[in-house]
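Asks: Need the 3D shape of this:
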Amino acid sequence: MLPGTGSDPVEDATVVVEGAVIQDILTSTRSAASVSGDVIDCGGRTLMPGLIDAHVHVCALDVDLSAQRRTYPTSLMAYAIGTAIKEALDQGFTTIRDAGGADWGMKEAVDRGLIPGPRMFVSGHPLSQSGGHGDSRTRAENYAGCDCGAAIGMVSNIADGVDEVRRAVRTQLRRGADQIKIIAGGGVASPTDRLESVQYRPDELSAAVAEAQAAGTYVLAHAYTPESIRAAVEAGVRSIEHGNFLDDATASLMAARGTFLVPTFVTYEKLHEYGRERGLTAGQLAKLDLVLGSGLDGLRRAQQAGVRIASGSDLLGDLARYKTRELAIKASVLGAHAALVATTRTNAELIGIADEVGTIEPGKRADLLVVNGDPLADIGLLQDQENLLAIMTAGQMYKHQL
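Replies: As a prediction, this is how the structure comes out:
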């Protein structure tokens, strides 16, 4: 058993589940014979917590997001999103935090059992300044589109100035967002901004954080450069998404403030492999080249500074099938055990549910995986769904091939 706490594996463990909750953990020094109920013999395989992905986009159905808007009516999009949510659970992710696009209705569909899927935490529509990473308009387009509920998924949410930012945050919270996503710097897929640009002024960032905190939640910020990261951290955001160009001074600031870092390496690897054939422009590919080789250096700086390192994938379209590849990339710097902890316990701490999930401990929700092999010896095992012999979510067997 890998408890997910960072402590050593426990040999010959018996985990007792009652209803949705882990009731007890029995070791080889304590007899499990007195426990009544069904017994599942894992046969020397590995039991571990369900995985958590802190940065997904289940509504990004194509790598080319502009093409998605032209080819998917809302009805078709809803069905395709349901499939994307199910596929996350098939890969062993029992909790996901959607970093932009998914709304309350998608989360509710899972909670009601209308579609199978992991537990979801949704951010609604991310906030972007005009011409920022979340502004999908080309230089030839002026109409910003309608943010009135007529469309779902990857919808632009443009807010300029403190008052508009406050209104936009309050609107997303009213619509059921669990947390707020804000774009604090340039990005790869956006059509008009520079990757190194700093987006949103300090007062706008602080306004978003204040509104989120007033509602009992937090802000996650898309940022690559030290300048954009620093502005977001000083405003009080809870997590920095990506952070590829992180420097030593900014890493120290993040560690001092307790800010989480959510690296997303696999998306750059797969976009480098498939982006051109999937419709990325020459400008987008040039920005991709800048971030591709820098992220692991930023991760090393974060680790050395003591930053709390979480984990996300950020994959678009059918590339989402590579979610678990992210763990192997992180393991090249952190080691396999720390990469697993980032994807379980630390992600639960980031989302604010560490008292419920992320580790195998009494009182926690029974979100469990049985893996055919030892992920500490070969973390790449998790990339093959055939190695996931059992997936349990809230005490219910979703997959059972033991």
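
Asks: Tell me where the model's unsure across this protein.
Replies: Within the chain, the segments meeting pLDDT under 70 span 29-34, 137-139, 141, 143-151.

Asks: in the stretch 201-350 of the chain, which spans are helices?
Replies: Using DSSP state H, counting those that start in this stretch, the helices found in the stretch 201-350 of the chain span residues 202-214, 226-235, 248-257, 265-274, 282-292, 295-305, 325-334, 336-341, 347-351.

Asks: can you put the ones you listed in CSV and add distance to Gly185?
Replies: Placement of C-beta: from N, CA and C, glycine included. Output for the helices of the stretch 201-350 of the chain, formatted as CSV (distance: least, Cβ to Cβ, whole Å):
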stretch, distance to Gly185
helix 202-214, 11
helix 226-235, 3
helix 248-257, 12
helix 265-274, 16
helix 282-292, 11
helix 295-305, 14
helix 325-334, 21
helix 336-341, 26
helix 347-351, 20
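
Asks: could you dump those helices to TSV with distance to Pro116 and mean neighbour count?
Replies: Shown next, in TSV, are those (distance: least, Cβ to Cβ, whole Å; neighbours: other Cβ atoms under 10 Å):
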stretch	distance to Pro116	mean neighbour count
helix 202-214	30	19
helix 226-235	35	23
helix 248-257	36	18
helix 265-274	23	21
helix 282-292	33	16
helix 295-305	32	19
helix 325-334	22	21
helix 336-341	24	21
helix 347-351	20	25
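
Asks: Could you say which one of those helices comes nearest to Asp384?
Replies: Across the helices of the stretch 201-350 of the chain, Asp384 has its closest neighbour in helix 325-334 (10.9 Å, Cβ to Cβ).

Asks: Isn't Asn372 up against Gly43?
Replies: No: with contacts defined as Cβ atoms under 8 Å, Asn372 does not count as touching Gly43, sitting 9.2 Å away.

Asks: So between these two, which is more surrounded?
Replies: Remark: of Asn372 and Gly43, Asn372 carries more neighbours, 18 against 9, as counted by other Cβ atoms under 10 Å.

Asks: who touches the more buried one in this structure?
Replies: The contact partners of Asn372, by Cβ atoms under 8 Å, 6 or more residues apart in numbering, come to Arg45, Leu381, Glu386, Asn387, Leu388, Leu389.

Asks: And those residues, which two are furthest apart?
Replies: It's Arg45 and Glu386 that sit farthest apart of the contacts of Asn372, by Cβ to Cβ, at 12.8 Å.

Asks: Compare the two and say which is more crowded by neighbours.
Replies: Comparing Arg45 with Glu386 by other Cβ under 10 Å, the one with more neighbours is Arg45, at 17 against 8.

Asks: how does this structure divide up, domain by domain?
Replies: If you go by automatic domain parsing, the domain ranges for the chain are 14-49+360-400, 51-351.

Asks: winner for burial among the ones you listed?
Replies: Comparing those by mean neighbour count (mean count of other Cβ atoms under 10 Å), domain 51-351 ranks first with a mean of 21.

Asks: where's Val392, which helix or strand?
Replies: Wrong residue type there; residue 392 is Met, not Val. strand 388-393 (DSSP states H and E).

Asks: For that strand, enumerate the helices and strands it packs against.
Replies: Here strand 388-393 touches helix 74-90, strand 368-371, strand 396-400, going by 3 or more Cβ pairs under 8 Å, 6 or more residues apart in numbering; DSSP states H and E.

Asks: ends of stretch 20-36, how far apart?
Replies: One end of stretch 20-36 sits 16 Å from the other (Cα to Cα, to the nearest Å).

Asks: so Asp247 makes contact with Pro226?
Replies: Yes: Asp247 lies in contact with Pro226 (Cβ under 8 Å); the separation is 4.7 Å.

Asks: what's the closest non-adjacent residue to Glu11?
Replies: Of all residues not flanking Glu11 in the chain, Ser28 sits nearest, at 6.5 Å (Cβ to Cβ, 6 or more residues apart in numbering).

Asks: Same check on Val333?
Replies: Leu299 (5.0 Å).

Asks: cool, Leu315 as well?
Replies: Using Cβ to Cβ, 6+ apart and skipping the chain neighbours, the partner closest in space to Leu315 is Thr267 (5.1 Å).

Asks: show me what contacts that neighbour?
Replies: Ser313, Asp314, Leu315, Leu316, Leu319.

Asks: ok, of those residues, which one's closest to Ala348?
Replies: Nearest to Ala348, judged by Cβ to Cβ, of the contacts of Thr267 is Ser313 at 16.4 Å.

Asks: Give the full set of residues in contact with the closest one.
Replies: By Cβ under 8 Å, 6+ apart, the contact list for Ser313 reads Asp53, His55, Val56, Thr264, Val266, Thr267, Ala320, Tyr322, Lys323, Glu326.

Asks: Can you report phi and psi for the fourth one?
Replies: The one in question is Thr264. Main-chain torsions, Thr264, degrees, to the nearest 10: phi -140, psi 70.

Asks: Verify the stated contact: it with Gly243.
Replies: No: contact criterion Cβ under 8 Å: Thr264 and Gly243 do not qualify, at 9.1 Å.

Asks: What's opposite Val21 in the beta bridge?
Replies: Bridge pairing for Val21 (DSSP bridges) gives the partners Glu18, Arg365.

Asks: Now Tyr72: closest residue in space that isn't a chain neighbour?
Replies: Of all residues not flanking Tyr72 in the chain, Leu61 sits nearest, at 6.4 Å (Cβ to Cβ, 6+ apart).

Asks: do the same with Asp64
Replies: Gly279 (3.3 Å).

Asks: measure that neighbour to Thr95 for me?
Replies: Counting by Cβ to Cβ, to the nearest Å, the separation of Gly279 from Thr95 is 31 Å.

Asks: got it, and Val122?
Replies: In this view, Val122 and Thr95 are 12 Å apart by Cβ to Cβ.

Asks: can you check Ala20 too?
Replies: Taking Cβ to Cβ, one finds Ala20 at 14 Å from Thr95.
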